[in-house]
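# make a model of this:
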Amino acid sequence: MKYLFSSLLLLSGLVSFAQDTKTIKQSGNPIFPGWYADPEAAVFNNKYWVYPTYSARYKEQVFINAFSSDDLVNWKKHPHVLDTAAVKWANKAMWAPAIVQKDKKYYLFFGANDIQSDKEIGGIGVAVADKPEGPYKDHLGKPLVDKFYNGAQPIDQFVFKDKDGQYYLIYGGWKHCNIAKLNQDFTGFLPFEDGTIFKEITPDNYVEGPYMFIRNGKYYFMWSEGGWTGPDYCVAYAVSDSPFGPFKRVGKILQQDATIARGAGHHSLIINQKKNKYYIVYHRRPLTETDGNHRETCIDEMNFDADGMILPVKITKEGVKAQKVK
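Numbering: from 1, shown residues only. Alright, predicted model coming up:
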């Protein structure tokens, strides 16, 4: 009888543990299937959105898919929210979307054509839609940035909204990063006080993939380092009192884990101010893969120490717990 009672207690405990485990839903990594990279995360209408690069050969990168979720766990695919049929000057390498909502419109910034010189057609474009899922149409009929300024290849765009409501385009590949002041309707730029349009804010070791956010009055500038096809691709950051810097590199906060994945980089953030939660959305390459384009979109928590410095992110297979926007 004693052994039967003990067995029943053990069984009861296992059932209880299984029920508790079942109720804790997690995103898992990757958060959705397929090869996707350079994810831009956003929150619109109490829903999470991710706009990644379709990770394939350049000539196959002629569209952008989006993904939406109510809880960071279950994701819905929105295919071809933008493709080259709507952008006559773009024909390949649609990369690294950046999205912003303004005046009841949604503006999707993207790179196209991977131009190697000012003699080629391509660069950074803007598309516009009435809904986050599109369909998006070309906003200008031509690139917004179509040349190299301060040595920066016109790719990897990010749109930053400052405390005063001013929007800035922060972008650049080839180890150079520029910031430029966008005009009201995102059709061009406003000059700075010294008459220049593009200011270089490149920190040490910068390669590409800029991202900026404000926390406790400080400007956190983040970027990717290393080669995107290699295992050492990673994210580093700096902190300043101004969006124009100077930005002194603090160190890496996201990188490969030999037991999980390689090439962790090119990220964005989901910031829940009310709950003081920061999620880093990024791509990485599974340990089983050697093809440079075999990249997956993942999510993990990002935390800070008491002095406001970003703690190194632990990349996981589990991802994050289910979380509603509100």
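# C-alpha coordinates for the longest strand seen in the chain, CSV please?
Longest strand of the chain, by residue count under DSSP state E: strand 261-272. Taking C-alpha atoms only, strand 261-272 is exported to CSV below (Å, rounded to 0.1, in the frame of the first residue of the first chain):
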residue,chain,number,x,y,z
ALA,A,261,24.2,28.6,-33.8
ARG,A,262,26.8,30.7,-35.7
GLY,A,263,26.7,34.1,-37.3
ALA,A,264,24.3,35.9,-35.0
GLY,A,265,23.8,39.4,-36.2
HIS,A,266,21.8,42.1,-38.1
HIS,A,267,19.1,42.7,-35.6
SER,A,268,16.3,45.0,-34.5
LEU,A,269,14.4,45.4,-31.2
ILE,A,270,10.9,45.0,-29.8
ILE,A,271,10.7,47.4,-26.9
ASN,A,272,7.8,47.2,-24.4
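# what's that strand packed up against?
Counting by 3 or more CB pairs under 8 Å, 6 or more residues apart in numbering; DSSP states H and E, the packing neighbours recorded for strand 261-272 are strand 36-44, strand 208-215, strand 218-225, strand 234-240, strand 248-254, strand 277-286, strand 296-301. Using the backbone N, CA and C atoms, a C-beta is placed for each residue, glycine as well.
# any stretches of the stretch 1-150 of the chain with poor pLDDT?
1-23 (pLDDT under 70).
# repeat that with 50
1-22 (pLDDT under 50).
# now the strands for it?
Taking DSSP state E, counting those that start in this stretch as the test, the strands found in the stretch 1-150 of the chain are 36-44, 47-54, 63-69, 75-83, 95-102, 105-112, 123-129, 137-138.
# for residue 311, which non-adjacent residue is closest in space?
Leaving aside its sequence neighbours, residue 311 sits nearest to residue 303 (CB to CB, 6 or more residues apart in numbering; 4.8 Å).
# I misspoke; the intended subject was residue 248.
Closest residue in space to residue 248, ignoring its immediate chain neighbours: residue 238 at 5.5 Å, by CB to CB, 6+ apart.
# residues in contact with the nearest residue to residue 317 once chain neighbours are set aside?
Of all residues not flanking residue 317 in the chain, residue 29 sits nearest, at 5.6 Å (CB to CB, 6+ apart). Going by CB atoms under 8 Å, 6 or more residues apart in numbering, residue 29 touches 296, 298, 299, 300, 315, 316, 317, 318, 319.
# 10 Å instead, please
Contact analysis of residue 29 by CB atoms under 10 Å, 6 or more residues apart in numbering lists 260-261, 282, 284, 286, 296-300, 315-320.
# same check, this time on residue 325
Applying CB under 10 Å, 6+ apart, the residues contacting residue 325 are 43-48, 69-72, 270, 272, 274-275.
# how close does it sit to residue 272?
Relative to residue 272, residue 325 is positioned 7 Å away (CB to CB, to the nearest Å).
# what sits in contact with each of the two?
residue 43.
# stretch 235-243: which residues count as buried?
For stretch 235-243, the neighbour count (16 or more other CB atoms under 10 Å) marks 235, 236, 237, 238, 239, 240, 243 as buried.
# for stretch 114-124, same thing?
Buried residues in stretch 114-124 (16+ other CB under 10 Å): 114, 115, 122, 123, 124.
# one more: stretch 276-283?
Buried residues in stretch 276-283 (16+ other CB under 10 Å): 278, 279, 280, 281, 282, 283.
# which among those gets closest to residue 308?
Nearest to residue 308 among these: residue 278, at 12.0 Å, using CB to CB.
# show me what contacts that closest one?
Contacts for residue 278 (CB under 10 Å, 6+ apart) come out as 213, 215, 269, 270, 271, 272, 301, 302, 303, 304, 310, 313.
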